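[1] pasting the structure only:
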């Protein structure tokens, strides 16, 4: 007869679960009802409110001027992220260096660029000629060997690339540094013990393990960079947002043109999310953890759980098996 620890024996009638039912959760139903009502109201607003100007949205969504602004946004994102990633890796290496000069310089760079807003940095670089009218090169306190006006060098494109790239480098440095520090120091020592050089240990041992911790925040930074390019509109760079602004400043169709920009930003960030998911799965192949969700739905569905080995039926006899799987 089955018993419970510390209690009296339990009879078979007390273990009858034929009339058992799930526990009721009324607040879940209330939450579902509230969300359904809000979603219906939002859908009604999109359909019935003519001020959205869906015809205008369709007119400008693939227009040449919007597409050119979109290409400018993509170009700025790619170039700024490449610059930020390269500088970030160098800063991360300097940050973990035992040389106090390199470590201090990297720490100061990160402190400054993370501590000041990106918008302020862009405006400062754009007005650099007010501080330095001419850029020169030479020996200090001697006549310059080369000189040029700042305005002829510091163009809006250069300001946008440098402003976004230098700002991003500070964040990428901390991401890379955190990824490198996440690898156990014994891995490096194991690489040295088999005769690997420092470069080979970093490339073959440290980086492959650190990438699992570097990729997710780097993907978030790429998406943030894509959206941060809208700030270059303050220096008259013809990106996606500035292009939409220039159109609605003439036509006064503010909401439809903002919706055009919103749609393109959502499309691009969605594609980046999917690409990030593929890269994360590539570097997480050794991980046992499985994270079902929207990404797996898009890329092939959820994995079926492995079947459990069924227990032998009562009265059945199992053949004895050796450790290598052979039947005795």
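    That came through fine. None of these values were measured; they are calculated from a predicted model.
[2] quick one: mean pLDDT for the helix or strand hosting residue 249?
    According to DSSP states H and E, residue 249 maps onto helix 240-251. Averaging pLDDT along helix 240-251 yields 93.
[3] what residues does it touch?
    The contact list for helix 240-251 (Cβ atoms under 8 Å, 6 or more residues apart in numbering) reads 60, 65-66, 68-70, 72-73, 229-230, 232-233, 236, 238, 253-254, 256-258, 260-261, 264-265. Every residue, glycine included, has its C-beta placed from N, CA and C.
[4] pull out the buried positions in that helix.
    Neighbour counts over helix 240-251 (16 or more other Cβ atoms under 10 Å) mark 240, 241, 242, 243, 244, 245, 246, 247, 248 as buried.
[5] how far off centre is it?
    In this view, helix 240-251 has its centroid 28 Å away from the chain centroid, taken as Cα atoms, centre = their mean, to the nearest Å.
[6] next SSE downstream of that helix?
    helix 254-283.
[7] what angle separates that following helix from helix 240-251?
    170 degrees (axes from the mean of the first three to the mean of the last three Cα atoms, to 10 degrees).
[8] packing partners for helix 254-283?
    In terms of contacts (3 or more Cβ pairs under 8 Å, 6 or more residues apart in numbering; DSSP states H and E), helix 254-283 is packed against helix 54-61, helix 64-95, helix 207-228, helix 240-251, helix 294-298.
[9] the same query, at a cut-off of 7 Å, please.
    In terms of contacts (3 or more Cβ pairs under 7 Å, 6 or more residues apart in numbering; DSSP states H and E), helix 254-283 is packed against helix 54-61, helix 207-228, helix 240-251, helix 294-298.
[10] now do the same for residue 5: its pLDDT.
    For residue 5, pLDDT reads 53.
[11] let me see the backbone angles for residue 149.
    When quoted as degrees, to the nearest 10, the phi and psi of residue 149 stand at phi -60, psi 140.
[12] for it, give me its contacts.
    Residue 149 makes contacts with residue 134, as judged by Cβ atoms under 7 Å, 6 or more residues apart in numbering.
[13] any idea what it is bridged to?
    Beta-bridge pairing of residue 149 under DSSP bridges involves residue 134.
[14] before we move on, back to that, dump the buried residues of helix 240-251 into CSV; add distance to residue 159 as well.
    Output for the buried residues of helix 240-251, formatted as CSV (distance: Cβ to Cβ, whole Å):
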residue, distance to residue 159
240, 18
241, 16
242, 14
243, 18
244, 21
245, 18
246, 19
247, 24
248, 25
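[15] wait, which of these is closest to residue 140?
    Proximity of those to residue 140 (Cβ to Cβ) peaks at residue 242, which lies at 40.1 Å.
[16] quick one: the closest one from residue 21, how far?
    60 Å (Cβ to Cβ, to the nearest Å).
[17] cool, residue 224 as well?
    According to Cβ to Cβ, residue 224 stands 48 Å off from residue 21.
[18] tell me which of those two has more neighbours.
    The neighbour comparison of residue 224 against residue 21 (other Cβ atoms under 10 Å) goes to residue 224, with 14 against 6.
[19] what pLDDT does the more buried one get?
    At residue 224, the model reports a pLDDT of 93.
[20] then residue 149?
    At residue 149, pLDDT is 83.
[21] what stretches of the chain score poorly on pLDDT?
    For the chain, the stretches with pLDDT under 70 are 1-20, 285-328.
[22] report the distance from the helix or strand where residue 34 lies to the chain centre.
    Using DSSP H and E, residue 34 sits in helix 26-48. Distance of helix 26-48 from its chain centroid, counting by Cα atoms, centre = their mean, is 30 Å.
[23] just stretch 185-192 next, same as before
    For stretch 185-192, the gap between its own C-alpha mean and the chain's C-alpha mean amounts to 30 Å (Cα atoms, centre = their mean).
[24] hmm, who's touching that stretch?
    With contact meaning Cβ under 7 Å, 6+ apart, stretch 185-192 is reached by 201, 205, 206, 209.
[25] got a winner among those for most neighbours?
    Busiest of the contacts of stretch 185-192 [other Cβ under 10 Å] is residue 206, holding 20 neighbours.
[26] for the closest residue to that one other than its chain neighbours, what are its contacts?
    In this structure, residue 206 finds its nearest non-sequential neighbour in residue 183, 5.2 Å apart by Cβ to Cβ, 6 or more residues apart in numbering. Counting by Cβ under 7 Å, 6+ apart, residue 183 touches 206, 209, 210.
[27] got the contact list for the second one?
    By that I understand residue 209. By Cβ under 7 Å, 6+ apart, residue 209 lies in contact with 183, 187.
[28] how far does stretch 203-220 sit from its chain's centre?
    Remark: stretch 203-220 is offset 13 Å from the chain centroid, using Cα atoms, centre = their mean.
[29] and that stretch, which residues are buried?
    Neighbour count says stretch 203-220 has 205-206, 209-219 buried, by 16+ other Cβ under 10 Å.
[30] follow-up on the earlier one: pick out whichever of the buried residues of helix 240-251 sits closest to residue 53.
    residue 248 (10.4 Å).
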